[in-house]
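Novice: What follows is a predicted protein model with its sequence.
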Amino acid sequence: MGIKVVKAGMLTTVQDLGRYGLQRYGMPVSGAMDSYALRLGNHILGNPDNEAAIECTVMGPTIYFEQEQLIAVTGADLSPTLDGNPLPMWKPVLVEAGSLISFGRRKFGCRAYICFQGGLDIPELLGSRSTYCKGQIGGWKGRPLQEGDRVAFRHCYKGKDSLFHWSMDSSLYPDLATNTIRVMDGPQLACFENAGQKSFFSNVFTISNNSDRMGYRLTSKPLRFKEQKELLSTAVTFGSIQVPPDGNAIVLMADHPTTGGYPVIAQVATIDLPLLAQKGPNDHISFERISLDEAHSLLKKQHAQFKKLKSAIALKYE
Amino acid sequence: MGIPHTQSFGITLPNSIGHYPLGDQALVLSFGDTISEAVNARVRQVATHIENWSQPGIIEYVPAYTTITIYYDPLLTSYNDLLSALQPIVRDIAENQEYKRVKKEIPVYYNGEDLAYVAQYNGLSEDEVVRIHSEGEYLVHMLGFVPGFPYLGGMDKRIATPRKDVPRLRIEAGAVGIAGQQTGVYPMTTPGGWQIIGHTPLQLFDLSKESPSLLEMGDCVRFVPITYDEFIQLKTKSNGH
């Protein structure tokens, strides 16, 4: 026994940190769009980093608990409720059997994660529980959750506590009001006119409605090429900013194709992928240029914070 | 212009092989911007080395027409460490020119709905199209687009046919098609605009296998004509019944 989906929400999928090792065969990585929120949720529950959770998009689902379980909701603030009362985020919450979780108005961000202690009883496919919807591969039957789906827990709750008087320091999570995304120069930056390069780093871009887990289409003044040229297909990745001939940039997201043939003007720094994943249609963003060294040291700093958090939380469950 | 300027990072690779970062978790080795069998062989050889590598922090690699992209964990290794470790590998490949390709056969029942059109377009009979298509040897330049889809090189110009004006909404998994001078096999049922000349009973991408892809970049492929009965027999076998 576990949960039953009462209302599906806009796009509710099972995701872990992704399916690695098969991109050379054309298999996308998929996984949580905001992998940071997923990892923090798992940490709060004492789960391994890579445990699969439910990714909710803009309009969250309504979920009935057939069995009690310890959960944590992280990521976007989509006004989660537990039996009609506000459900606190960023902390362990014991949900009793017979309770209902639902979501309301979108306050900050686009994607919330419902993490379960011990995880969901879904088989791994090619090393991951992530859903690749377009390929109908993995996760829950290769598709988003629908009304009536019943997903079991892998373990029932064995803890003694029913109330938890601590929550994660929310300053560890990025401020979702930030609109500046840090990027590094892309391999084909030189394909663009000087003015085009300059405008890329100073323009404000709007995320279009035509954006999904595969990619965000950005609108602004089109970016001008020095010379149009077809490139040979080569690997692209989460955060690659491609520019098709029309000059409107596309940022590749978690379900991105493994290879592409458009010039990559810039590459989003890994540290800011979660922030970008929390942006949605009609949000405005701009790009700030950083070096490879800066990108690496930001990741190292974050990793150190993570380790500290992990050991602090481990003490809570002793 | 398509090939970016190699950044120096204090290390140069032999034989004018370029390298550049793709963000903070990937290093790209570039072998120029011309598709060829020789370049394909070199990319394949680097890939084989990486597969058997004990270098820490390697996540995965993606070979393409003239590049190989190596994904790494920046908490475990750095761009420069990776580049230094790649130096001897790249040098060995330059010295070892011989490369033995893995040959694979794909049985095809040439019953495609567009076989007649491809024949008519090129002023050939259907049998001639089948003969020309199945006589060729095709090089797997890379896999991509959808899981298991091979970009094949080496199709005879005599059977080249443009894509359909209006793509089909549904092309069955296993369909063998032609698009311009390319030929390929659809690994899964998708919409598509290729001219379909036949079907293979094999599964190009089998989710139940640990190594799910039938083909690897660098393989050499031949299409072997089969009858309807053989198609049904092989299809039953490949579905595991």
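Specialist: Arrived safely.
Novice: any idea which helix or strand comes after the helix or strand where residue B:131 lies?
Specialist: Counting by DSSP states H and E, the element that carries residue B:131 is helix B:126-135. Next in sequence after helix B:126-135, counting helices and strands by DSSP H and E, comes strand B:138-143.
Novice: Is any residue of that next one near chain A?
Specialist: Yes: legend: contact between strand B:138-143 and chain A by Cβ under 8 Å from any Cβ of the partner chain is shown at B:142-143. (Each C-beta comes from the backbone N, C-alpha and C, glycine too.)
Novice: Can you give the contact residues for that strand?
Specialist: Applying Cβ atoms under 8 Å, 6 or more residues apart in numbering or on different chains, the contact partners of strand B:138-143 are A:24-26, A:233, A:259, B:35, B:37, B:40, B:63-65, B:101, B:149-155, B:183, B:213, B:215-223.
Novice: Of those, just the buried ones, PyMOL syntax please.
Specialist: Selecting only the buried entries of those in PyMOL, with 16 or more other Cβ atoms under 10 Å in any protein chain shown as the criterion:
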select buried, (chain A and resi 24+25+26+233+259) or (chain B and resi 40+63+64+65+101+149+150+151+152+153+155+183+213+215+216+217+218+219+220+221+223)
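Novice: I'd like to know how many residues surround residue B:238.
Specialist: Here the number of neighbours of residue B:238 (other Cβ atoms under 10 Å in any protein chain shown) works out to 16.
Novice: Surely it and residue B:204 touch.
Specialist: No: with contact defined as Cβ atoms under 8 Å, residue B:238 does not reach residue B:204; the gap is 10.3 Å.
Novice: what about the longest helix in chain B?
Specialist: Ranked by residue count under DSSP state H, the longest helix found in chain B is helix B:79-95.
Novice: now chain A
Specialist: Using DSSP H, we find that the single longest helix of chain A is helix A:292-316.
Novice: State the three-state secondary structure for residue A:36.
Specialist: In three-state terms, and counting by DSSP: H, G, I helix; E, B strand; the rest coil, residue A:36 is helix.
Novice: tell me the contacts of it?
Specialist: A:173-174, A:274.
Novice: Any figure for the gap between it and residue A:43?
Specialist: Computed as Cβ to Cβ, to the nearest Å, the residue A:36 to residue A:43 distance reads 11 Å.
Novice: cool, and residue B:187?
Specialist: Using Cβ to Cβ, one obtains 38 Å as the distance from residue B:187 to residue A:43.
Novice: out of those two, which sits in the more crowded spot?
Specialist: Counted by other Cβ under 10 Å, residue B:187 and residue A:43 do not tie: residue B:187 has more neighbours, with 28 against 23.
Novice: just checking, the more buried one touches residue B:148?
Specialist: Yes: counting by Cβ under 8 Å, residue B:148 is a contact partner of residue B:187 at 3.4 Å.
Novice: Residues that sit against both of the two, list them.
Specialist: Contacts common to residue B:187 and residue B:148, judged by Cβ under 8 Å, 6+ apart, are B:204-205.
Novice: Nearest residue to residue B:49 in space, ignoring adjacent ones along the chain?
Specialist: residue B:89 (4.7 Å; Cβ to Cβ, 6 or more residues apart in numbering or on different chains).
Novice: Compute the distance between the one you found and residue A:101, please.
Specialist: For residue B:89, the distance to residue A:101 - Cβ to Cβ - is 52 Å.
Novice: Could you do residue B:20 as well?
Specialist: Computed as Cβ to Cβ, the residue B:20 to residue A:101 distance reads 46 Å.
Novice: swap in residue B:161?
Specialist: Noted for residue B:161: a distance of 55 Å to residue A:101, by Cβ to Cβ.
Novice: One more: residue A:83?
Specialist: Counting by Cβ to Cβ, the gap from residue A:83 to residue A:101 is 8 Å.
Novice: of those two, who's got more company?
Specialist: Just comparing residue A:83 and residue A:101: by other Cβ under 10 Å the higher neighbour count belongs to residue A:101, 22 against 13.
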